[in-house]
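S.K.: This is the structure alone, sequence omitted:
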């Protein structure tokens, strides 16, 4: 299911006011010194970006070049945020380094009546997996990445899967030994709230978790999610073929996904849910009692949880008779 024209129009016009007065006030107080490196507005999302299907797995970088668009330097953004006000506004972003708070303007893609299948990538832009997401934003992930870094956060690493070397024998595989090993997500924790105005003109705020329900593997009733937060793992850099050239670029920008709840190890999302539930294909759906209507303008409010960080750990994917239903080995 593609993005509706109405929803995309909402996102394209997302440089307007953010719903939190505190954020708006902070933005107007920033130093307005112009920055020569970012004087021109950011190009359209699809301008110059490689095709995600042309992702290359080899590591030979002798013939690789950078795309002709530099990333924002987080250190410079932190030192003079006012110089970046226009370019951030073009992405529907307001950054308050004092709070700290990052606000992203967007629109609800689906509600309980408009989607009948699970969601996996909760926040995307128009390049992302809009058919299984909850919110679409204008922002390019690399710009959001720079803002989070400018807030003083140090990105960790995403969930990763790798083939065991040497691989298990046939006897081991039959006994439940997995051919794969897993390293869990790591990084600082954030809370994400969603703000909008309902059909009656009343302001509403819900955590991103509260807008979702988990579908148990045993077929039981959908369950609410615990408020575990979201891990800032950052996005890797990938090599792609663009015409005759090899280019290296921020994978989040190419893929268009910002927040993931299904942990598939693609290493393209900036934030992942602080839970291992998603590694076994656990299904999530929208909570019809807690989400705004489809195409409703929304604002995502990202706040660091001061001092809270998730560390990476090795997770067993082996299956034994005692943990047949638990891919994390209990």
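M.R.: Structure's in. What do you need? These numbers were taken from a predicted model, which means no experiment stands behind them. Numbering: from 1, shown residues only.

S.K.: does residue 82 sit in a helix, a strand or a coil?
M.R.: Classification of residue 82 by DSSP: H, G, I helix; E, B strand; the rest coil places it in helix.

S.K.: no, scratch that, I was asking about residue 89
M.R.: Following three-state DSSP, we place residue 89 in the helix state.

S.K.: what number of residues lie near it?
M.R.: By the measure other Cβ atoms under 10 Å, the count of residues near residue 89 is 19. Every C-beta, even on glycine, is put in place using the N, C-alpha and C of the backbone.

S.K.: do you know how far it is from residue 99?
M.R.: Taking Cβ to Cβ, to the nearest Å as the measure, residue 89 falls 18 Å from residue 99.

S.K.: and if you look at residue 74?
M.R.: Using Cβ to Cβ, residue 74 is found at 17 Å from residue 99.

S.K.: for the host helix or strand of residue 143, packing partners?
M.R.: Per DSSP states H and E, residue 143 falls inside helix 141-150. Applying 3 or more Cβ pairs under 8 Å, 6 or more residues apart in numbering; DSSP states H and E, one finds that helix 141-150 contacts helix 74-79, helix 85-90, strand 93-96, strand 101-108, strand 245-250, helix 251-255, strand 257-260.

S.K.: Following the chain past that helix, name the next helix or strand.
M.R.: Per DSSP H and E, the first helix or strand lying C-terminal to helix 141-150 is strand 160-163.

S.K.: list the buried ones in that next one?
M.R.: If you call a residue buried by 16 or more other Cβ atoms under 10 Å, then strand 160-163 has these buried ones: 160-161.

S.K.: So, low pLDDT: which residues of the chain?
M.R.: Counting by pLDDT under 70, the chain contains low-confidence ranges at 1-70, 112-117, 264-267, 278-282, 320-330.

S.K.: mind redoing it with 50?
M.R.: 1-8, 13-47, 57-58, 322-330 (pLDDT under 50).

S.K.: Go through it and flag its longest strand.
M.R.: Ordering each strand of the chain by length in residues (DSSP state E) puts strand 297-310 first.

S.K.: Determine the angle, from 0 to 180 degrees, between it and helix 141-150.
M.R.: 50 degrees (axes from the mean of the first three to the mean of the last three Cα atoms, to 10 degrees).

S.K.: Okay, now the sheet partners of strand 297-310, with direction.
M.R.: strand 101-108 (antiparallel), strand 187-197 (antiparallel) (DSSP bridges).

S.K.: Quick one: name whatever helix or strand follows the first one.
M.R.: Put plainly, it is strand 101-108. The first helix or strand that comes after strand 101-108 along the chain, using DSSP H and E, is strand 121-124.

S.K.: got it, and the last one?
M.R.: Toward the C-terminal end, the helix or strand that comes next after strand 187-197 (DSSP H and E) is strand 203-207.

S.K.: Which of the residues in whichever helix or strand comes after that next one are classified as buried?
M.R.: Once the chain leaves strand 203-207, the next helix or strand it forms, by DSSP H and E, is strand 212-215. Buried residues in strand 212-215, counted by 16+ other Cβ under 10 Å: 212-214.

S.K.: tell me the secondary structure for the residue of the chain positioned farthest from its centre?
M.R.: Most distant from the centre of the chain: residue 171, at 39.4 Å, with distances by Cα atoms, centre = their mean. Classification of residue 171 by three-state DSSP places it in helix.
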